[in-house]
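> Structure, please.
(one chain, ligands or ions: 1)
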Amino acid sequence: YESKTATQMPNNLEAFFMPFTANRQFKKAPRMMVGAEDMHYVAADGRKVLDGTAGLWCVNAGHARPKIVKAVQDQVAKLDYAPNFQMGHPLPFELASRLAAMMPEDLDHVFFANSGSEAVDTALKMAIAYHRARGEGHRTRLIGRERGYHGVGFGGISVGGISGNRKQFGAMLPGVDHLPHTHDRSKQAFTRGEPEWGAHLADDLEKLCALHDPSTIAAVIVEPVAGSTGVLIPPKGYLKRLREICSKHGILLIFDEVITGFGRLGKGFATDYFGVVPDLITCAKGITNGTIPMGAVILRKGIYDAFMNGPENMIELFHGYTYSGHPVACAAALATLDTYAEEGLFERSAELHGYWEDAAHSLKDHPHVVDIRNLGLVAAVELDPLAGKPTARAYDAFVKCFERGLLIRYTADIIALSPPLICGKGHIDEIFGTLGDVLKEAA
Ligand code: PMP
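Residues are numbered from 1 along each chain as shown. This next block holds a predicted model:
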């Protein structure tokens, strides 16, 4: 589409909005991106901005990669849309097989959604449908974690660990509990990798099982590393212990890998990184390298068999989207998976990890820095809060970095960094060098 304003600042900034507080900040000082290539955005004023965030944890292979662009262009010209209800087309089958081949054990069935939020709600429904199909219709309770983020559907905010988000909307899913989070700033300060302490905190799940009859609990959903709420890394052994408790009580374990999937931790998925295999995995973002919206749930064969091959076939999971397995999204995803594999980007993320870690920790003596956390090619730099203004320092750093040609992400007092996995050591130096300068000046 030849937009008249596609390369400049639009006249009307009020017509479109994102209803977050960021909207107000954006309207006051709009930062408009009009192009992107590899590691950089191009802003409306023509400046190149280094992408320290892979868009929003999506663009793991870098921006506008020719193979992915071509796949999208070719596919939209060949078969622009085909529903997956009464008829179908080959691409979701090919993509599902590719994803299944990346998974451990029998996680070999895939359902496509259009976002992370949809993938999460789908997985929660699947968990309930699975138990129902096995004659355990009373297993409907769901357990999330404090500080977990699982998108914005009613299911996602119900299990999500952001209580303000839940309170705002009142009508939540019934029978939802939240495990306390394991994050403890005083113990985690300046840790590298996984914190050594705290696997026993997984026993909070046993406490919930003692409180409710465990045979009423359908599923536990966790982000293996909580991304949006500040790159919170679980203590060593914590996820393994959760797995054991779930297995003991017949509770399904869901890993929400919307951020951790596709190489961010230096392995394909967090399940590989932590060596813990859940029953369902949700993913999105990096599945298409951010090009076309897509989410997916990858589940164990036994779960699929229960709700799809039982006597009441189909009825146990009344669920589907107009755009499930959209041909253009599938083409984008297949080209993305090719790119990850051909360029060895998951391995690259692991190889650069040491350099990334040292660069991140070079900020540890900077004013206001209270914690630095990192794994693979993701890091968080946590700042001490400014009294009464919990986002002030991080927002200030974000604005100043942008002025200097670096895009970072901030939530509350936490700055998150997650560059495309194609980044080089020079980019890493630039990310932490610029951020370090900005923090020093703010002291
Ligand atoms: N789960 C997690 C772990 C996420 O990080 C996000 C998005 N940041 C979502 C779910 C929701 O994804 P979407 O915004 O695509 O709906």
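> What parts of this protein come near the ligand?
When proximity is defined by Cβ under 6 Å from any ligand atom, the chain lies next to the ligand at 115-117, 120, 149-151, 223, 227-228, 256, 258-259, 284. Bear in mind the C-beta positions are built from the backbone N, C-alpha and C, glycine included.
> how about 8 Å then?
56-57, 115-120, 148-153, 156, 223, 226-228, 256-260, 282, 284-285, 293, 295 (Cβ under 8 Å from any ligand atom).
> Now do the buried residues in stretch 85-93.
89, 91-92 (16 or more other Cβ atoms under 10 Å).
> Which segments of this protein make up each domain?
21-61+346-442, 70-342 (automatic domain parsing).
> What's the end-to-end length of the first one?
One end of domain 21-61+346-442 to the other measures 23 Å (Cα to Cα, to the nearest Å).
> pLDDT of it, averaged?
For domain 21-61+346-442, the mean pLDDT works out to 94.
> Looking at the stretch 251-400 of the chain, which residue is nearest the ligand?
residue 258 (3.5 Å; Cβ to the nearest ligand atom).
> meant to ask about the stretch 51-200 of the chain, not that
residue 116 (2.2 Å).
> Now do the contacts for that residue.
Residue 116 sits next to 150-151, 256, 258, 282-285, 295 when contact means Cβ atoms under 8 Å, 6 or more residues apart in numbering.
> same deal with residue 333?
Contacts of residue 333 by Cβ under 8 Å, 6+ apart are 95, 287-288, 292, 294.
> Once you drop chain neighbours, what's closest to residue 184?
Spatial nearest neighbour of residue 184, excluding adjacent residues (Cβ to Cβ, 6 or more residues apart in numbering): residue 198 at 7.6 Å.
> Is it correct that residue 393 is in contact with residue 381?
No. With contacts counted by Cβ atoms under 8 Å, residue 393 stays clear of residue 381, the gap being 10.5 Å.
> So for those two, which residue has more residues nearby?
Comparing residue 393 with residue 381 by other Cβ atoms under 10 Å, the one with more neighbours is residue 381, at 31 against 22.
> State the phi and psi torsions of the more buried one.
phi -120, psi 110 (degrees, to the nearest 10).
> Bridged to it, which residues?
residue 372, residue 415 (DSSP bridges).
> Correct me if wrong: it contacts residue 410.
No. Here residue 381 lies out of contact with residue 410, judged by Cβ under 8 Å, at a distance of 9.6 Å.
> which neighbours do these two share?
Going by Cβ under 8 Å, 6+ apart, no residue sits against residue 381 while also sitting against residue 410.
> Now do stretch 91-107: distance to the chain's middle.
With Cα atoms, centre = their mean, to the nearest Å as the basis, stretch 91-107 stands 19 Å off its chain's centre.
> do stretch 228-240 as well
The answer for stretch 228-240 is 14 Å, by Cα atoms, centre = their mean.
> Flag every buried residue along it.
For stretch 228-240, burial by neighbour count (16+ other Cβ under 10 Å) applies to 228-235, 237-239.
> measure residue 348 to residue 422 for me?
7 Å (Cβ to Cβ, to the nearest Å).
> Name whatever forms a beta bridge with residue 37.
residue 40.
> so it makes contact with residue 64?
Yes. Using Cβ under 8 Å, residue 37 is in contact with residue 64, at 5.1 Å.
> ok, back up a step: could the domains of the chain be laid out in JSON lines, adding distance to residue 7?
As requested, those are arranged in JSON lines below (distance: least, Cβ to Cβ, whole Å):
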{"stretch": "domain 21-61+346-442", "distance to residue 7": "5"}
{"stretch": "domain 70-342", "distance to residue 7": "20"}
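> Run through the helices of the stretch 51-200 of the chain in chain order.
In the stretch 51-200 of the chain, the helices defined using DSSP state H, counting those that start in this stretch lie at 54-57, 66-78, 91-101, 116-133, 154-159, 163-169, 185-188.
> hey, which of those is tucked in deepest?
Counting by mean count of other Cβ atoms under 10 Å, helix 116-133 has the highest mean neighbour count of the helices of the stretch 51-200 of the chain, with a mean of 26.
> Just the CA atoms of that helix, as CSV, please.
What follows is helix 116-133, C-alpha atoms only, in CSV (Å, rounded to 0.1, in the frame of the first residue of the first chain):
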residue,chain,number,x,y,z
GLY,A,116,0.4,-15.3,22.4
SER,A,117,-2.8,-14.3,24.2
GLU,A,118,-4.9,-16.7,22.0
ALA,A,119,-2.3,-19.5,22.4
VAL,A,120,-2.6,-19.1,26.2
ASP,A,121,-6.4,-19.2,26.3
THR,A,122,-6.3,-22.2,23.9
ALA,A,123,-3.9,-24.1,26.1
LEU,A,124,-6.0,-23.5,29.2
LYS,A,125,-9.1,-24.7,27.4
MET,A,126,-7.2,-27.7,26.2
ALA,A,127,-6.2,-28.6,29.7
ILE,A,128,-9.8,-28.5,30.9
ALA,A,129,-11.0,-30.4,27.8
TYR,A,130,-8.4,-33.1,28.4
HIS,A,131,-9.5,-33.9,31.9
ARG,A,132,-13.2,-33.8,30.9
ALA,A,133,-12.6,-36.2,28.1
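> follow-up on the earlier one: tell me which two of the contacts of residue 333 sit farthest apart.
95 and 292 (12.1 Å; Cβ to Cβ).
> Could you tell me which ranges of the stretch 51-200 of the chain sit under the pLDDT cut-off?
Residues of the stretch 51-200 of the chain meeting the criterion pLDDT under 70: 185-186.
> switch to 90 and redo it
For the stretch 51-200 of the chain, the stretches with pLDDT under 90 are 83-88, 162-173, 181-200.
> Tell me which stretches of the stretch 301-443 of the chain form strands.
369-375, 378-383, 406-407, 409-411, 414-417 (DSSP state E, counting those that start in this stretch).
> Settle this for me: residue 212 is touching residue 141, isn't it.
Yes. Counting by Cβ under 8 Å, residue 212 touches residue 141, with 6.0 Å between them.
> Which residue of those two possesses the greater neighbour count?
Neighbour comparison, residue 212 and residue 141: the larger count goes to residue 141, with 22 against 13 (by other Cβ under 10 Å).
> Enumerate every residue touching the more buried one.
By Cβ under 8 Å, 6+ apart, the contact set of residue 141 is 175-177, 212, 216-218.
> Which of those fall within strands?
Residues of the contacts of residue 141 located in strands (DSSP state E): 176-177, 217-218.
> any chance of the residues you listed in TSV, with neighbour count too?
Listed next are the ones in strands among the contacts of residue 141 as TSV, based on neighbours: other Cβ atoms under 10 Å:
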residue	neighbour count
176	19
177	18
217	25
218	25
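> just curious, which of the residues you listed is nearest to residue 73?
residue 218 (42.4 Å).
> Test my guess that that closest one contacts residue 253.
No. Assessed by Cβ under 8 Å, residue 218 is found out of contact with residue 253, at 11.0 Å.
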